[in-house]
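> pasting the sequence and the predicted model now:
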Protein chains: 4
Amino acid sequence: MFFASDNASGVPPEVMAALNRANDGYARSYGADDIMARVTARLRALFEAPEAQVHLVATGTAANALALASLTPPWGAIFCHRHAHIAEDECGAPEFFTNGAKLVLIDGAHGKITPAALTEALATTGASGVHGVQRGALSLTNVTEAGTTYTPAEIATLTAIAKSHGLPCHLDGARFANALVATGATPAEMTWQAGIDALSFGGTKNGLLGVEAVILFDPAKSWELELRRKRGGHLFSKHRFLSAQMEAYLEDDLWLRLASHANAMGQRLAAGIAALNSAALTHPCDANMVFANWEQGGHARLQGAGAVYYDLRPKDGRETARMVASWNTTDDHVDRFLARLKG
Amino acid sequence: MFFASDNASGVPPEVMAALNRANDGYARSYGADDIMARVTARLRALFEAPEAQVHLVATGTAANALALASLTPPWGAIFCHRHAHIAEDECGAPEFFTNGAKLVLIDGAHGKITPAALTEALATTGASGVHGVQRGALSLTNVTEAGTTYTPAEIATLTAIAKSHGLPCHLDGARFANALVATGATPAEMTWQAGIDALSFGGTKNGLLGVEAVILFDPAKSWELELRRKRGGHLFSKHRFLSAQMEAYLEDDLWLRLASHANAMGQRLAAGIAALNSAALTHPCDANMVFANWEQGGHARLQGAGAVYYDLRPKDGRETARMVASWNTTDDHVDRFLARLKG
Amino acid sequence: MFFASDNASGVPPEVMAALNRANDGYARSYGADDIMARVTARLRALFEAPEAQVHLVATGTAANALALASLTPPWGAIFCHRHAHIAEDECGAPEFFTNGAKLVLIDGAHGKITPAALTEALATTGASGVHGVQRGALSLTNVTEAGTTYTPAEIATLTAIAKSHGLPCHLDGARFANALVATGATPAEMTWQAGIDALSFGGTKNGLLGVEAVILFDPAKSWELELRRKRGGHLFSKHRFLSAQMEAYLEDDLWLRLASHANAMGQRLAAGIAALNSAALTHPCDANMVFANWEQGGHARLQGAGAVYYDLRPKDGRETARMVASWNTTDDHVDRFLARLKG
Amino acid sequence: MFFASDNASGVPPEVMAALNRANDGYARSYGADDIMARVTARLRALFEAPEAQVHLVATGTAANALALASLTPPWGAIFCHRHAHIAEDECGAPEFFTNGAKLVLIDGAHGKITPAALTEALATTGASGVHGVQRGALSLTNVTEAGTTYTPAEIATLTAIAKSHGLPCHLDGARFANALVATGATPAEMTWQAGIDALSFGGTKNGLLGVEAVILFDPAKSWELELRRKRGGHLFSKHRFLSAQMEAYLEDDLWLRLASHANAMGQRLAAGIAALNSAALTHPCDANMVFANWEQGGHARLQGAGAVYYDLRPKDGRETARMVASWNTTDDHVDRFLARLKG
C-alpha cells in the first residue's frame, strides 16, 4: 500500500537488462555513445520531428531548469501555474539556471491554467517597459500537479495566447507518458503540433532509475543547451547508462505500457474512493494521481495498516491526501487501501 | 587498446549486482533510503571522521562545483593549478555555481602547485581591499591532471599556507582511490588530517556508473550544500540507485582493488614507454595516467591498429599523448600497445 | 501641474550649493572622503544607532537589491507586497543581486501587508524541506506603493511574525522622510526599534540628484555589502559628490522640511478630490501620493491643460490616476489641477 | 602634489554650471530627458556613427560590466590583459554581470596585448568542445593600465584576430580622451573603424562627477543593455543630471582640452623623472600616467612634503610608484614634485 510517489518504485526488468547489456566493453563518453544515436533517432520518429534535438539528464529538475534557461533571458517572466513543480518543488532551480528569471504564478482550478487567467497575467506583466521584467516563456505541466490533464487542444489554446506575445512554450512532462495514455494523443499532437517548443520528457517517475530527456523541437537552441548541461554538471561521462535506460523505455512501447498500468491503478483507486460516502475526490483523476478528503479516522486506520501516502494541509475540517499509483502498483494494493479507508 | 579515459570503461559485476538488489520494492526517495544511511556510516568510519557529512551526486563536475560554492563567496578567488579540471574541463561550472567566483591559475610542473607559487598567488590576490576579489578557497587535485600525486605532507604544506589566510581547502578526488593506492596514505591522512575541508570523492572513473560523494569534514555547511544540490538539479528522487553503487564500491575494499589494478596497468605502460629510445615520458607516472612523446610514425602505427588515446598539442616537433589505464585494462592491452609503439 | 513622479523634480538650492562646496580641491575616493565620515556620524545620531553602518549608492533599486542580497541567500524567499517596488519596478534586480531568490507576493488592501496574510504566506513557504525555497527575509515599504503608511507599531507586528521564523527584515524607504512626517515617528522608532535590520533610506525622490543610503543596523553584514556594492558597479570613485548631497539633505532638517511640504501638497490635492462628486480617492492619502478615479472627461480636460500624471489601468468603467506631489509642488499647481478636474 | 589618481580631482566649472542649468523645472525621468537626446546626437556625430546607441551610467565598472555582459554569454571567455581593470579592480563585476564568464588573462609588456599572445590564448581556449568555456569576447583598454596607448592600427590588428574567431570586441575607454589626444586618432578611427563593437566612454576620470557612456556601434544589443542597466540598478531616475554632465563634457571640445592638459602634465613629470640619474621610468608615458622606480630616500622626501601617489610593490630593491596627472594638475605641482624627488 505504497502510494507516496511514483518515484519510490524501482524499475522494471527490461530496464535493468538494458543496463547490463550497455555495460559491455568500452563506449565513447559524454553522449557520443552509439546507444544515444539510436535514442535520438527513435524519439525523432516517435515525435514525427526529424529536426528535434535530444539531451539526456538524470533529474526532472535539471530537465526543466535547463530547458527554461534556454528559452528565457534572466529578465524574463515564466508564466506557470501557482502549484507547478518548477514553482514549488525545485528549490529555485529555474531562478538559478536562468540567472534570476521571475516565475509569475497563475491560479486555476485543479492545477490547470485557463485561457482567461493567462491572458490576464500577460496583460499585467511586461507592460511597464524597462521597469519590469519582460514576458519570457510559458511553462505548462501535463499531467498537472493536481493529477488532471490538458488535451492537445487545451494546450494549443494556451500556447497560441503566449505566442501572440512572442513567447516560447515549455511542457514539463515528468508524467508525459501518463498524459498521453490519459488523453489518447500522439506525442506530436501533445507537443510541437500544439505549440510546444521544448519538452521535459520524463522517464524516472514511470520506471527508469533516473533519466529525463530535454527535447527541443527547434534545434537552434541545442548547442546552448549542451553548454548549459555541461556547466550545470549534468553531462554524464558514462552517458551510455542514461542512453540505455531510455532505449529500453521506448522499446516495444514499454513506456506506454507502464503508464497505462499506473493510470489504471490510479483510476481504480479513484473510483473506489468516489463510491464511498465517507470520502470525496478533491480533483478529477485523469491519470495516476488521486487527491481526496476523508475524516480523521480514515487516516488512522490506513496509517495503522502501513499505508503510505501524502497527508497534505487540513482543509475544512477534513484532510487532503495524495496517492500516486505506479507502474508496479497492483490491484491488491488498491483494494486493501480501499478496504482500510472504508473501515 | 582503449586508453582514452577511465570513464570509457563500464562497471564491475559487483556494482551491477548491487543495483539489482537495490531495485527490490519501494524505497524512500531523495536520499532518505536505508542504503544511504549505511553509506554515510561506512564513509565516516573509513575517513575516521564521525561528524563528516556525505552527499551523493552523479558527476564530478557537480561534486566540485557544489563543494566550491559552499566554501567560497561570489567575490572569492579560488586558487588552483592552471590545468585543474575545474579550470579547464567544466565549462565554467565553478563560476556558475558560485555566482561568479574567480579562478586564480597557478603554474607548476607536472600538474602540482608548489608552496612558493601558492604563496606568491596569495600575496598578489586579495590585497587591494574592496577593489579586487577576496581570497576564497584553495582547490587541489589528487591524482593531478598530469598523473602525478601529492603526498599527505605536500597537501598539508599547501593547506597550511592557505589557512594562514583563513581559506578553506577543497580536494578534487576524481581519482582519489588511485592517489591513496599510489601514496599508501589512509583516507584521513590524505584529507582532514592534511587540512582538507571538503572532498570530491570520485567513484565514476574507478568503476561506478556515475556517483561521486561530496564529503564535508566540517558539518556546518551541510544544509547549505543540500539546498545547493537540490537547486542545482542534482538531488536524485530514486537516490537508492546512487547509494547502492557507493555501497558496493566500498564493500570489501572494491574501490582500492580497482584502483590498484588501474595503477599497476598505468605503470606497466609507463615503464614500457620509458624503456624505448623512440619515446619519452613527459610527466612521472604515479598512478594510472601516462603522458608521453613520440615521433609521428608511432601515432600512425598505433591508431592504425585501433589504439585509442588522446593526441594532445604538438610540442617541439613531437606529439604528446595521454593514456589512461582503467580498472578493466589488461596486461595484454598494455603489451600490444607497447609493441605497436615500438614498431 | 506636474504630478507624474517626485523623481521628475530637480533639487533644492541647498543641495546644489553643497555639490559646489564639495568640488573644491582633492578628496580621497571610493568612500574615504571626509564628508562621508560626517554623514555616517550624523545618520547614527539621527537613528540613535551608534553601530549602524552606512553605504551610499545612487539609485533606490541598487539600495534595495544590495540590502536584500546581504540578508537573503540565493535559495531564500523574500516576502513582500504584491505591488512592492522590488516586485514590479526593478526589472528583477533583487533576483539578479541575490542570485535567484524568489519573491513571495502577498496581497493586501491599500498596499499594506496584514499580519494574517504574512502568517499565511510564511506557513506555506519554506515548509517542504529541501524541495522548496527557504524563508529568507521580509521586505516592507513605507510609504507604500499605494501612498499609505505603516505606523511603527504595525511594522513591529509584522517584523515580530517574521522574526518568529528567524527572518531579517528590510524596509524600502524610498519615501522614508514622507513616512516619518506622516506618522510622527522618529527614525529609530520606524526602523530598528520596530525590528528593521536594513533600511533603504531614500534621498532622490525627496530632493537629491541621486543618492540613497543603505543603513545596516547590524554591522555584521557591512563588509559583505561593501563587496557587493563594488562588484555591482555601485561604488563611486568621486564619492564625495554623493556624501555632499546626503550631508546637505540632513542639515537643518532639510529632508524633513522637504517631505513635510510634499505631504502637505499631496493632502491638499487629496482633500480637493475627495470633495468632488465626480471623483473618488481609491486609497487613503497618508503622504504625498494620491490615487483617484474619475470619469473620462476629467482626463481630457486635465491633459488638454498640460497636467502630467499616471493614467493607470481602467477599472469599473472609470480610470485610476496616480498623482505624486513633490518638494517643489506649489499650492497653485494643486489648485489649478483641481479646477480643471472639476471642469 | 596630488597624483594618487585622476579620480581624486573634482570637476571643472563648465560641468558644475551645466548641472545648475539642468536643475531648472521638471524633466522626464529614466533617460527620456531632452538633454539625453542631444547627447546621443552629439556622440553619434563625434563618432561618425549614426546608428550607435548610447547608455549613460555613473561608474566605469558598471559601463564595462554591462557592455561585456551584452557581448558574452555566461560560458564565454573574455580575453584581456592580465592587469586590465576588469581583471584586477572591479571585484569580479564582469563575472557577476555575465553570470560567470571567465577572464582569460594575457601577459604583455607595458600593459599591452601582442598579436602573438592573443593568437596563442585563442588557440588554447575554446578548443575542447563542450568541456571548456567558449571564446566570448576581446576586451582592450586604452589608455592601458600601464599608461601606454594602442594606436588604431594596433587595435585593428588585435580585433581582426578576435573576429577571425567570431568574437565581438570591447574597449575600456576609462581614459579614452587621453588616448585620443596621445595618438591623434579620431573617435571613429579608435573604435568602430578599428573593429570595436562596444566602448566604455569614460568621463569621470577626466572631469565629470560620475558619468560614463556605453556606446554600442551595433544597435542590436541596445534593448538588452537597457534591461541589464535597469536590473543592475544603474538606470537613474533623475537621469538629466547624468546627461547634463555629458553634454558639458562634449561642448566646445572640453573633454579633449581637459585630456590634453592632463597628458601634458603627465609628460612633463615623466620627462623630469627620465632626466634624473636617481630614478627611472618603468613604462613609457604615452598619456597622463607615470610609472617609475627610485630609491627609498625619494619616497621619504616626497611623502614628507605631502606628495600623494601610489607606492606599488617593491621590485629589485627599488620601489615602483604610480603618479596620475589630472585635468587640474599644474606645472607647479609637477615641478615641486620633481624638486623633492631630486633631493
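Cool, the structure landed.
> got the residues of chain A near chain C?
A:74-75, A:88-92, A:95-96, A:98-103, A:105, A:124, A:128, A:130-133, A:313 (CB under 8 Å from any CB of the partner chain). C-beta here means a position set from N, CA and C on the backbone, and glycine is covered the same way.
> now those: which count as buried?
A:74-75, A:88-92, A:95-96, A:98-103, A:105, A:130-133 (16 or more other CB atoms under 10 Å in any protein chain shown).
> taking the residues of chain A next to chain C one by one, which sit in helices?
A:88, A:95-96, A:98, A:124 (DSSP state H).
> farthest-apart pair in those residues, please.
A:F96 and A:T124 (25.5 Å; CB to CB).
> is chain D within reach of the longest strand along chain A?
Taking DSSP state E as the criterion, chain A has its longest strand at strand A:134-141. Yes: for strand A:134-141 and chain D, the contact criterion (CB under 8 Å from any CB) is met by A:Q134.
> given that strand, what are its sheet partners and their directions?
strand A:76-81 (parallel), strand A:169-173 (parallel) (DSSP bridges).
> and the longest one, how far out from the chain middle?
I take that to be strand A:76-81. 17 Å (CA atoms, centre = their mean, to the nearest Å).
> ditto for the last one
Counting by CA atoms, centre = their mean, strand A:169-173 is centred 8 Å from the centre of its parent chain.
> name the next helix or strand following that strand along the chain.
Moving toward the C-terminus from strand A:169-173, the next helix or strand (DSSP states H and E) is helix A:176-183.
> buried stuff in the helix or strand following that following helix?
Sequence order places helix A:187-190 as the next helix or strand after helix A:176-183, per DSSP H and E. Judged by neighbour count (16+ other CB under 10 Å), helix A:187-190 contains these buried residues: A:187-190.
> closest to chain D out of those?
Among those, A:P187 lies closest to chain D (CB to the nearest CB), at 27.3 Å.
> give me the distance between that closest one and A:F176.
8 Å (CB to CB, to the nearest Å).
> now check the least confident helix or strand in chain A by mean pLDDT, is it near chain B?
None of the helices or strands of chain A scores lower by mean pLDDT, DSSP states H and E than strand A:310-311, at a mean of 84. No: Strand A:310-311 lies out of reach of chain B by CB under 8 Å from any CB, never closer than 12.1 Å.
> try stretch A:47-56
No: if you take CB under 8 Å from any CB as the test, stretch A:47-56 misses chain B, and the best it gets is 11.7 Å.
> ends of that stretch, how far apart?
16 Å (CA to CA, to the nearest Å).
> any idea of the mean pLDDT in it?
For stretch A:47-56, mean pLDDT is 98.
> just to revisit the earlier point, a markdown table for the buried residues of helix A:187-190, including distance to D:L341?
Below are the buried residues of helix A:187-190 laid out as a markdown table (distance: CB to CB, whole Å):
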| residue | distance to D:L341 |
| --- | --- |
| A:P187 | 80 |
| A:A188 | 80 |
| A:E189 | 83 |
| A:M190 | 79 |
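> before we move on, back to that, give me the subset of the ones in helices among the residues of chain A next to chain C touching chain B.
Among these, chain B is touched by A:F96 when using CB under 8 Å from any CB.
> which one of the ones in helices among the residues of chain A next to chain C sits closest to B:T282?
A:F96 (40.3 Å).
> so, low pLDDT: which residues of chain A?
Applying pLDDT under 70 to chain A picks out residues A:313-318.
> in it, which spans are helices?
A:13-22, A:34-46, A:60-71, A:85-88, A:93-98, A:115-124, A:152-163, A:176-183, A:187-190, A:222-231, A:240-250, A:254-274, A:296-304, A:331-342.
> which among those is found nearest to chain D?
helix A:222-231 (4.7 Å).
> what residues sit buried inside the closest one?
Per 16+ other CB under 10 Å, helix A:222-231 contains these buried residues: A:222, A:225-231.
> tilt between it and helix A:60-71?
Angle, helix A:222-231 to helix A:60-71, by axes from the mean of the first three to the mean of the last three CA atoms, to 10 degrees: 140 degrees.
> need phi/psi at A:G207.
The phi/psi pair for A:G207 (degrees, to the nearest 10) reads phi 120, psi 10.
> I'd guessed it sits against A:L256; true?
No: the pair formed by A:G207 and A:L256 falls short of the contact definition of CB atoms under 8 Å, at 11.0 Å.
> between those two, which is the more surrounded one?
Set side by side, A:G207 and A:L256 show more neighbours around A:G207, with 27 against 17, by other CB atoms under 10 Å in any protein chain shown.
> OK, contacts around whatever residue of the stretch 1-150 of chain A ends up closest to chain B?
Closest residue of the stretch 1-150 of chain A to chain B, CB to the nearest CB: A:A62 (3.3 Å). Contact analysis of A:A62 by CB atoms under 8 Å, 6 or more residues apart in numbering or on different chains lists A:93, A:212, A:229, A:232, A:234, B:233-234.
> same check on A:D197?
A:71, A:168-170, A:216-218.
> closest to chain C among these?
For the contacts of A:D197, the nearest to chain C is A:L71 (16.0 Å; CB to the nearest CB).
> residues near that closest one, how many?
Neighbours around A:L71, by other CB under 10 Å: 25.
> my read: A:S5 touches B:R28, true?
No: using CB under 8 Å, A:S5 makes no contact with B:R28, being 9.6 Å away.
> how about the residues of chain A by chain D?
A:30, A:73-75, A:99, A:130-131, A:134, A:224, A:226-228, A:230-231, A:235.
> of all those, which two lie farthest apart?
A:Y30 and A:H131 (42.9 Å).
> among the ones in helices among the residues of chain A next to chain C, which one lies nearest to B:V290?
Out of these, the member with the shortest distance to B:V290 (by CB to CB) is A:F96, at 39.3 Å.
> could you measure from that closest one over to B:F201?
From A:F96 to B:F201 the distance is 24 Å (CB to CB).
> doesn't B:A8 make contact with A:Y26?
Yes: contact status for A:Y26 versus B:A8: in contact at 4.7 Å, counting by CB under 8 Å.
> neighbours around the nearest residue to A:S243 once chain neighbours are set aside, how many?
With sequence-adjacent residues excluded and distances taken as CB to CB, 6 or more residues apart in numbering or on different chains, A:S243 is closest to A:I35, at 3.7 Å. Using other CB under 10 Å, A:I35 has 21 neighbouring residues.
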